[in-house]
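Q: structure for the following, please:
(2 chains)
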Amino acid sequence: MANVFIFPTTSLILSDLVARFGHTPLSAAMQIREIIQTPGLESPPLQITPEDPKKGLHWAAVEVPSGVRGRMSLYGPLLERAEAAIIVNNPEYSFGCMGCARTNELLVFLVRKKKIPVLDLEYPTSDEEGREFVAAIRRFLDSLPGASA
Amino acid sequence: MTRVRIAQISCGSEYSGVQKEINDAAEAVDAEVFFPDLKLADIQKSFSDFGLDVKSPDLKLSIARAKALAEGRIEADAVFIATCFRCAEAAIVRNELRRFIHENSKLPVVSYSFTERTTSGTLLTRMEALTTIARRRALLAREVQEGLTMGVDSGSSTTKAVVMKDNEIIGTGWLPTTGVIDSAEKAISEALSAAGVSRDEIQAVGTTGYGRFLVGEHLKADLVQEELTVNSKGAVFLADTQHGPSTVIDIGGMDNKAISVLDGIPGTFTMGGICAGASGRFLEMTAKRLGVDITELGPLAMEGLSHKVPMNSYCIVFGTQSLVNALAAGSTPEDVAAAACHSVAEQVFEQQLQEVDIKEPVIMVGGTSLIQGLVRAMGELLQTRITVPPHSQYIGAVGCALLASGFVRRE
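A: Below is the predicted model:
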């Protein structure tokens, strides 16, 4: 079973596909669930405090906007655990939406820099492309070490 | 209207850890912040229609929200636009949306770029101004002072008091702020004495400035109001430009305000306060270094040429060092004074005036408006003639006394 980073990290469909095919998805939902369930914090809606953008300095310099660094404090730890990644380019918002283009550029760059197996896909625009999209993800996940299928 | 609903258009606030600060600032002025809800299909359409091809989905959402507000598809009393400091893409969107909402709706709007260090205290005056404009339009529409009223401006550097009667200023008081209450009391005594009236005769009192809450409580003031709205009212009242557009610039001791005003009511405004080098404090330090009183700095600067002194930094420390070096290298005090004025004007021009639409007449107010060299430098940068109305240093107190007369009538 491999830790698979997904992009968009907010995509519940991608997260579900990775889990269905026997691997551990590394997604935003997991990270956000963890922090919003932490007792004693009161910083709605995401429970991100001003300390988190400072943690983001590990991945982005101080002149990078606080929103990028705050996002990196969420996604950066996921990247570090990643053993493989699936990147979907140009997805529809309903598939998974990442709010900040600069964070997205940095995340995708850091994934590629990590030299792990990466599946790069375009978001499908027809039923036929959709079927091939899912099949490609399955083939990729099956090829990873520890695949259960 | 009791609770004001402020529509938030933003990118990055929840990831910067400042959303709670924004909520708290709104709550402090009995307002609530909400995110306008939109359908997914509307987002793509609104974004395409607007024509600004940004890449960040949160900024696309911001554009769609602004359009929905301007077109009246979503109801709100005011708009707060906020994006991350240092993000170029967001800065473009922030400015364009502020302008778009200002031009296409009557909603008061303020924009702000935050860092993770932004606190609710920093945002409070802006939120207070937004809610005042939304909540007290009738009061702000007042153009004539009636009865016998007093305004007190408890500023970070100086405390001012003004007594007005039947639309005329009849007494003023001014002194450096030391103890907030103590300074207010002395300024009030001075103003009352000059006016020849007793405190019991005053029919209504208004307070503004950093110490407004403390002084307001002490005086049991009828009106406790932030500086943005009272300065706008005071400026157009004193400059006799109550109708139509105008721009008010107030370079203060601790922060600067640039306000785009229409019919005496602020539309958009910026408030800066991060850098002391862009404040009146820098001019005080320059005057001290030159061995002249602050009142002499303006005339001195009028005799000098700013470009003769190289200023390598906007910072109050390093900027002062540049001035000292220039003096050591033989520059004249006149040129140094002019360079200091130009430096402050240029910073305000670059950092704040880009965020409001400059419309003539441009009115400079506050104590620094008496420094002629600064007014000249600002006029040169804006390529316009700057209006400095009489009593401009008492602007906040005048605005307060004017607005407080609305409470006389009610009685």
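Q: contact partners for B:E303?
A: B:E303 is in contact with B:334, B:338, counting by Cβ atoms under 8 Å, 6 or more residues apart in numbering or on different chains. Placement of C-beta: from N, CA and C, glycine included.
Q: and the pLDDT for it?
A: B:E303 carries a pLDDT score of 87 in this model.
Q: same check on B:G216?
A: pLDDT, B:G216: 96.
Q: what sits closest to it if chain neighbours are left out?
A: Once flanking residues are discounted, B:G216 sits nearest to B:V224: 3.6 Å by Cβ to Cβ, 6 or more residues apart in numbering or on different chains.
Q: list the beta-bridge partners for that neighbour.
A: B:T207 (DSSP bridges).
Q: that one: neighbouring residues, count only.
A: Neighbours of B:V224 under the rule other Cβ atoms under 10 Å in any protein chain shown: 18.
Q: ok, now B:R289?
A: Neighbour tally, B:R289, other Cβ under 10 Å: 15.
Q: which elements pack onto whichever strand or helix holds B:L402?
A: For B:L402, the element it lies in under DSSP states H and E is helix B:395-410. Other elements packing on helix B:395-410 under the criterion 3 or more Cβ pairs under 8 Å, 6 or more residues apart in numbering or on different chains; DSSP states H and E are helix B:137-140, strand B:148-154, strand B:158-165, strand B:168-176, strand B:204-208, strand B:223-224, helix B:227-238.
Q: for those, give me TSV that also has distance to A:V18.
A: Below are those laid out as TSV (distance: least, Cβ to Cβ, whole Å):
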stretch	distance to A:V18
helix B:137-140	55
strand B:148-154	61
strand B:158-165	64
strand B:168-176	66
strand B:204-208	58
strand B:223-224	57
helix B:227-238	52
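Q: least reliable of those going by mean pLDDT?
A: Minimum mean pLDDT among these: helix B:137-140, a mean of 83.
Q: so what touches it?
A: B:132-133, B:229, B:233, B:264-265, B:403, B:406.
Q: ok, which pair from those is furthest apart?
A: B:I133 and B:G406 (14.9 Å; Cβ to Cβ).
Q: so for those two, which residue has more residues nearby?
A: Applying other Cβ under 10 Å to B:I133 and B:G406 shows that B:I133 carries more neighbours, namely 25 against 22.
Q: how far away is that one from B:K106?
A: From B:I133 across to B:K106, the span is 10 Å (Cβ to Cβ, to the nearest Å).
Q: for the most centrally placed residue in chain B, which residues make a bridge with it?
A: Residue closest to the mean C-alpha point of chain B, counted by Cα atoms, centre = their mean, is B:K257 at 2.7 Å. Assessed by DSSP bridges, B:K257 has beta-bridge partners B:D250, B:M271.
Q: tell me where the stretch 1-150 of chain B has helices.
A: B:19-28, B:40-50, B:57-70, B:88-104, B:120-135, B:137-140 (DSSP state H, counting those that start in this stretch).
Q: hmm, I was thinking of chain A
A: Here chain A has its helices, by DSSP state H, at A:12-20, A:28-36, A:51-55, A:66-81, A:101-113, A:127-142.
Q: so which of those helices is nearest chain B?
A: helix A:66-81 (2.4 Å; Cβ to the nearest Cβ).
Q: shouldn't the residue nearest to B:G216 be in contact with B:G209?
A: No - under the criterion of Cβ atoms under 8 Å, B:V224 makes no contact with B:G209, lying 10.2 Å away.
Q: and the residue of chain B that's closest to chain A?
A: When scored by Cβ to the nearest Cβ, chain B has B:G12 as its residue closest to chain A, at 2.4 Å.
Q: pull the CA atoms of the worst-scoring helix or strand of chain A on mean pLDDT into PDB?
A: Across the helices and strands of chain A, mean confidence by mean pLDDT, DSSP states H and E is lowest for helix A:28-36: a mean of 85. Extracted in PDB, the C-alpha atoms of helix A:28-36 (Å, rounded to 0.1, in the frame of the first residue of the first chain):
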ATOM      1  CA  ALA A  28      -6.700  18.000   2.000                       C
ATOM      2  CA  ALA A  29      -9.800  16.500   3.600                       C
ATOM      3  CA  MET A  30      -7.600  14.300   5.900                       C
ATOM      4  CA  GLN A  31      -5.500  17.300   7.000                       C
ATOM      5  CA  ILE A  32      -8.500  19.600   7.500                       C
ATOM      6  CA  ARG A  33     -10.400  17.000   9.400                       C
ATOM      7  CA  GLU A  34      -7.500  16.600  11.800                       C
ATOM      8  CA  ILE A  35      -7.200  20.300  12.500                       C
ATOM      9  CA  ILE A  36     -10.900  21.100  12.800                       C
END
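Q: just to revisit the earlier point, now the weakest link among the helices of chain A, please, by mean pLDDT.
A: helix A:28-36 (a mean of 85).
Q: mind listing what's buried along that one?
A: Neighbour-count burial for helix A:28-36, counted by 16 or more other Cβ atoms under 10 Å in any protein chain shown, picks out A:28, A:31-32, A:35.
Q: which of those residues come close to chain B?
A: Among the buried residues of helix A:28-36, none lies close to chain B by the criterion of Cβ under 8 Å from any Cβ of the partner chain.
Q: okay, angle between the helix holding B:L402 and strand B:204-208 too, please.
A: 150 degrees (axes from the mean of the first three to the mean of the last three Cα atoms, to 10 degrees).
Q: helix B:395-410 to helix B:120-135, inter-axis angle?
A: 40 degrees.
Q: mean confidence score for helix B:395-410?
A: Per-residue scores along helix B:395-410 average to 88.
Q: up against chain A, what does chain B have?
A: Close to chain A, as judged by Cβ under 8 Å from any Cβ, chain B has residues B:11-20, B:23, B:40, B:43, B:54-58, B:61, B:83-87, B:89-90, B:114-117.
Q: what about B:A41, how many neighbours?
A: Using other Cβ under 10 Å, B:A41 is surrounded by 8 other residues.
Q: return the residues in contact with residue 50.
A: As the question left the chain open, I've gone with chain A. Residues in contact with A:P50 (Cβ under 8 Å, 6+ apart) are B:16-18, B:116-117.
Q: the intended chain is chain B.
A: B:F50 neighbours (Cβ under 8 Å, 6+ apart): B:63, B:66-67, B:100.
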